[in-house]
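**Student:** Next comes the sequence, and after it the predicted model I'd like to discuss.
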Amino acid sequence: MLVLMSWAPKPDVPYWRGRRFLAALDALAWPAVLLVAIRTAPFSTGAFGLVASALAVLVAVRRLNRAILQNHRYEFTTLRWGIVFAWMLAIGAALKLLP
């Protein structure tokens, strides 16, 4: 028996002033960090570095398109991973306080 399930689409995120600009910054920031990490690597990245750089540029263009033209569907990457890193820092600080 084949059972197919589908998820309901996520609702549109609320729009506020400045959201489009901040979304564009967020969309370009993470691929830019990846490009800087690739270019400043202390070792030769070779063909992998070239392919990863090209993919980072393509991802940046796609993210920028969604951030500007489909802003109601864009979710901030910095917020998502910032919450994860904040929890990791809180756990690390709590472990440091333990005897």
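**Tutor:** Nice, thanks for sending it over.
**Student:** Compute the number of surrounding residues for V59.
**Tutor:** By the other CB atoms under 10 Å criterion, the neighbourhood of V59 contains 14 residues. C-beta: built from backbone N, CA, C; applies to glycine.
**Student:** per-residue confidence at it?
**Tutor:** The predicted structure scores V59 at 95 on the pLDDT scale.
**Student:** Check D12 too.
**Tutor:** Residue-level pLDDT assigned to D12 equals 87.
**Student:** try R19
**Tutor:** 92.
**Student:** Quick one: residues contacting the closest residue to it other than its chain neighbours.
**Tutor:** Excluding the flanking residues, the one nearest R19 by CB to CB, 6 or more residues apart in numbering is N71, at 6.3 Å. For N71, the contacting residues are 15, 19-20, 23, taking CB atoms under 8 Å, 6 or more residues apart in numbering as the criterion.
**Student:** In helices only, show me those residues.
**Tutor:** Counting by DSSP state H, those place 19-20, 23 in helices.
**Student:** Distance to M1 for those - can I get that in TSV?
**Tutor:** Putting the ones in helices among the contacts of N71 into TSV (distance: CB to CB, whole Å) gives the following:
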residue	distance to M1
R19	45
R20	47
A23	43
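**Student:** thinking again about what came up before, put the buried members of the contacts of N71 into a ChimeraX selection.
**Tutor:** Filtering those down to the buried ones (16 or more other CB atoms under 10 Å) takes a single ChimeraX command:
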select :19,23
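**Student:** Having no further points to raise, I will conclude here.
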